[in-house]
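Enquirer: need the 3D shape of this:
(chains A and B)
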Amino acid sequence: MSYIALNTAATGMNACSTSLDVIANNLANANTTGFKSSRANFEDLFYQEFAQPGIQSGDAIQRPTGLYVGLGTQVSGTQLDFRQGAAESTGKPFDLMIEGDGFFQLQISPDVGDGIGYTRAGNFTLNQEGQIVLANSPGWRLEPEITLPEDASNINVSQDGVVTGNVPGQVDPVEFGTILLARFINPTGLETIGNNTYIPTEASGEPLEAQPDQEGFGALRQGFLEASNVDPVTELVSLIKTQRTFEMNSQVIQASNETLQNITNLAIR
Amino acid sequence: MNYGFHLATTGAITGMRRLDTVANNLANATTVGFKSDLLSMRARLPENLEKPGHYADTNALLDGLGGGTLFDPARIDLRQGTIRRTGGKLDVAIEGEGFLRLENASKGAGSRDMLLTRAGALARGKDGTLVLATSGAAVLDADGKKIQLDMDEADVRIDEQGRVLQGEDEVARLAVVVPGDARNLVKEGRDAMRLLGGRVNTAPDATIVRQGHLEESTVDPVLSLAELIKVSRGIEFATRLMQAEDQATGRLIQTFGRFG
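Expert: As a prediction, this is how the structure comes out:
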């Protein structure tokens, strides 16, 4: 029945509108530090069988395959793209960029996940207690915590995450702590919780922790920030394509509507 | 009842099924690796000729009229889709003949049927196996086994022959197979096609696996919209014919029904 066509076209429009939402979010975050773009993955829905394969049609012809009508499409999920974003030089001591694999670990609310959030955004700063925190709206502390004395100067973060600086009265730089990174087998399985932060899920696997620049982890670059990896050109092309697909599906709705109208009019004399 | 009424009805019924197929194609116009369905129709023979000897009394005039329209089995248009660069490490597109093999885990797990796909958006499963990013079905290697990636190694390279490499080591080789008879392919949904009987050959050397690319849906918007217009007008025609036949019957009753 053309009810199927009507519903099928609706699934197409639905999926396109989800895809538009994803693209809109990507474009809105084209300037967000450490942002990773997502894409909506489409898959076809199930197929309804109208004639089984192998049955005989009227004139004794065996059908190797039957008559199947598909029931539309759906967005199976959004897939994060963890490609490296461009490096932006800022020169600030607490701006850190991971060149390669890995996430900074943050102490987020203990109610969310296992209390640790993971981010690629490295725009850190100090809070009033001298702890290194992320300069986003909640101001989450870095995990493991690193506290700097009030009078520390010449802060240096090495490639492998060791934070050092000068304190008055000492000639040699003092070590304040080491920044550890975490990595996931399947980072695309991470859950986005906003504020540039991800939490692990079943699909992402357990976090593996290590020092930067070791065991396949990326190196830290002080004075740089990782720009958003959204490519506006690709996003705009997808935007156009998605919008047009949406329109085409609405044409199918119109056609099935007219068909249904023709059929309803059949009995009207 | 009028013979023509039934002929027009078959036209309306087949037309609606075609409309459903166009709708599904257009809904999947942006589904990676989707192959459009073709629904072809043919003239149906009169029942007397379809089943010879079944009816004792036949009418030579009606036998000449035919029996309306009938579906041919749905076919899948296996044309190559456009290959788009995505840059994703686990995105693969097959250029040329061939399909990736998926684990046949759900229904018919014990049968020889094979699940095949052209949708090459892959991902790492939570246990480190290579899976389809959409449905999560495991992708199989040339020996029909799941592909286990090294968890500590972030980098994955897939070369043109489908070899999966991590560092210098070859982890596995993606199964790229060509169905023995493409007519045995049945759409399964969730990006998979079921190959009944599961007879496959290895892909020819000309087939290339392209990492960092995805194959677009083969749905042609122009053709699909033209088909949409054609089909909906066809149904309109059929329903008008049904109305005309109905009116003729009505007149017949009015004219000859005036007894007494």
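Enquirer: every contact and neighbour count from this point should use C-alpha atoms.
Expert: Noted.
Enquirer: return the per-residue confidence for B:Gly88.
Expert: Looking at B:Gly88, its pLDDT reads 88.
Enquirer: can you check A:Gln62 too?
Expert: So A:Gln62 comes in at 59 (pLDDT).
Enquirer: enumerate every residue touching A:Glu191.
Expert: A:Tyr198, A:Ile199, A:Pro200, A:Thr201 (CA atoms under 8 Å, 6 or more residues apart in numbering or on different chains).
Enquirer: right, and the third one touches A:Leu190 too?
Expert: Yes - with contact taken as CA atoms under 8 Å, A:Pro200 and A:Leu190 are classed as touching, separated by 5.1 Å.
Enquirer: what's the neighbour count on the spatially closest residue to A:Thr119 that is not a sequence neighbour?
Expert: The spatial neighbour of A:Thr119 that comes closest, neighbours along the chain excluded (CA to CA, 6 or more residues apart in numbering or on different chains), is A:Thr197 at 4.7 Å. A:Thr197 is flanked by 22 other residues according to other CA atoms under 10 Å in any protein chain shown.
Enquirer: phi and psi next, for the residue lying closest to B:Gly87 once chain neighbours are set aside.
Expert: The shortest distance from B:Gly87 to any non-neighbouring residue, by CA to CA, 6+ apart, is to B:Gly212 (4.2 Å). Phi and psi for B:Gly212, reported as degrees, to the nearest 10, are phi 80, psi 10.
Enquirer: chain B contacts on the stretch 101-250 of chain A?
Expert: Contact residues (CA under 8 Å from any CA of the partner chain) of the stretch 101-250 of chain A with chain B: A:101, A:185-186, A:188, A:202-205, A:215-216, A:242, A:245, A:248-249.
Enquirer: narrow the residues you listed to those in strands?
Expert: Among those, DSSP state E puts none in strands.
Enquirer: most neighbours, which of these?
Expert: That'd be A:Asn249 among these, by other CA under 10 Å, with 31 neighbours.
Enquirer: identify the residues contacting the residue nearest to that residue when sequence neighbours are not counted.
Expert: Nearest residue to A:Asn249 in three dimensions, chain neighbours excluded: A:Ala9, at 5.1 Å (CA to CA, 6+ apart). Each residue near A:Ala9 by CA under 8 Å, 6+ apart is listed here: A:Gly72, A:Asn249, A:Ser250, A:Val252, A:Ile253, B:Ala23, B:Asn24, B:Leu26, B:Ala27.
Enquirer: show me what contacts the residue of the stretch 151-269 of chain A found nearest chain B?
Expert: Closest residue of the stretch 151-269 of chain A to chain B, CA to the nearest CA: A:Ala203 (4.5 Å). Residues near A:Ala203 by CA under 8 Å, 6+ apart: A:Asn186, A:Gly189, A:Leu190, B:Gly125, B:Lys126.
Enquirer: and the two most separated of those?
Expert: A:Leu190 and B:Gly125 (11.8 Å; CA to CA).
Enquirer: comparing these two, which residue is more hemmed in?
Expert: B:Gly125 (24 against 20).
Enquirer: circling back to that earlier point, what is the burial count for the residue nearest to B:Gly87?
Expert: 19.
Enquirer: kindly provide the distance from it to B:Leu90.
Expert: 7 Å (CA to CA, to the nearest Å).
Enquirer: same check on B:Thr129?
Expert: B:Thr129 is 12 Å from B:Leu90, by CA to CA.
Enquirer: who's more crowded, the two?
Expert: Neighbours were tallied for B:Thr129 and for B:Leu90 using other CA under 10 Å; the higher tally belongs to B:Leu90 (24 against 20).
Enquirer: per-residue pLDDT, the closest residue to the more buried one other than its chain neighbours?
Expert: Sequence neighbours aside, B:Leu122 is the residue nearest to B:Leu90 in space, at 5.1 Å (criterion: CA to CA, 6+ apart). Here the pLDDT value assigned to B:Leu122 is 93.
Enquirer: doesn't B:Leu122 belong to a strand?
Expert: Yes - applying DSSP: H, G, I helix; E, B strand; the rest coil, one finds B:Leu122 inside a strand.
Enquirer: for it, give me its contacts.
Expert: B:Leu90, B:Asp91, B:Val92, B:Leu130, B:Val131, B:Leu132, B:Ala133, B:Thr134.
Enquirer: so which of those residues comes closest to chain A?
Expert: B:Thr134 (5.3 Å).
Enquirer: so what's the closest one closest to, chain neighbours aside?
Expert: Closest to B:Thr134 by CA to CA, 6+ apart is A:Ser76, at 5.3 Å.
Enquirer: if we can go back for a sec, hey, what's in contact with both of A:Leu190 and B:Gly125?
Expert: Joint contacts of A:Leu190 and B:Gly125 (CA under 8 Å, 6+ apart) are A:Ala203, A:Ser204.
Enquirer: for the stretch 1-150 of chain B, which segments count as strands?
Expert: B:37-38, B:41-43, B:69-71, B:75-76, B:83-85, B:92-95, B:99-102, B:114-117, B:122-124, B:130-132 (DSSP state E, counting those that start in this stretch).
Enquirer: packing partners of the last one?
Expert: Yep, that's strand B:130-132 we're talking about. The contact analysis (3 or more CA pairs under 8 Å, 6 or more residues apart in numbering or on different chains; DSSP states H and E) places strand B:130-132 against strand B:122-124.
Enquirer: and the stretch 151-260 of chain B, which residues reach chain A?
Expert: The stretch 151-260 of chain B has residues B:151-154, B:183-191, B:221, B:225, B:228-229, B:232, B:235-236, B:239-240, B:242-243 near chain A, with proximity defined as CA under 8 Å from any CA.
Enquirer: still on that earlier bit, figure out which of the strands of the stretch 1-150 of chain B is closest to A:Arg221.
Expert: Here strand B:122-124 is closest among the strands of the stretch 1-150 of chain B (CA to CA), at 28.1 Å.
Enquirer: adjacent strands (with direction) for that closest one?
Expert: strand B:130-132 (antiparallel) (DSSP bridges).
Enquirer: contacts for the next helix or strand after the partner strand?
Expert: Sequence order places strand B:157-158 as the next helix or strand after strand B:130-132, per DSSP states H and E. Applying CA under 8 Å, 6+ apart, the contact partners of strand B:157-158 are B:Lys89, B:Val164, B:Leu165, B:Gln166, B:Val209, B:Arg210, B:Gln211.
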